[in-house]
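>>> next input, structure requested:
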Amino acid sequence: MTVAAAVAALVGVLALATALGLLLRARTGRARPTRTNDTRTTTTDPTTADLAPAEAFGTEATLVQFSTPTCARCPATRRQLDAVAAEHPGVTRLEIDLAERPELARRFAVMQTPTVLLLDRGRAVHTRFGGPPRPAELTAALDTALAATATTPGDESP
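You can find the predicted model right below:
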């Protein structure tokens, strides 16, 4: 291999790595809505019902954080989610250690920690965040979930 070919290969590898890094960075922490149908529900989603005892879930919404003991970004995410939950009545944060419950990583397709799921009142997954949630997107997703559950059928006055 000539020097020019080696330099060209190195430049190509660096360009590819940079493009992949920028793509991953752009996707990390972004809100990804998981439901396209009506988000108003009062039934328990069977995929989340066994995550914790019923009293661990919020009455309005729950922020579920999947973590591992070696996750460097999880403590900051924990503080962020606790602060957001404290600002909204009926919202709680639930942390699940994937080292203790590895089957949940496959079930919820957790590819990185932290991964955060926003569950609505009925414990259905409303929004998913891969990586630490971006504050503005987390607040917007939570406000949407709370607004959707605030007008559940049967709550309207005649």
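
>>> what about A6, helix or strand, and which?
Using DSSP states H and E, A6 sits in helix 3-27.

>>> please state the offset of that helix from the chain centre?
Here helix 3-27 is found 29 Å from its chain centre; the criterion is C-alpha atoms, centre = their mean, to the nearest Å.

>>> same question for stretch 101-109.
That offset, for stretch 101-109, works out to 14 Å (C-alpha atoms, centre = their mean).

>>> who touches stretch 91-109?
The contact list for stretch 91-109, computed with C-beta atoms under 8 Å, 6 or more residues apart in numbering, reads 47, 51-52, 56-58, 60-69, 78, 81-82, 84-85, 110, 113, 115, 117, 142, 146. (Glycine included, C-beta is placed from N, CA and C.)

>>> narrow those residues to those in helices?
R78, L81, D82, V84, A85, L142, L146 (DSSP state H).

>>> name the SS class of T92, please.
Following DSSP: H, G, I helix; E, B strand; the rest coil, we place T92 in the strand state.

>>> nearest spatial neighbour of it, skipping sequence neighbours?
Excluding the flanking residues, the one nearest T92 by C-beta to C-beta, 6 or more residues apart in numbering is G58, at 3.8 Å.
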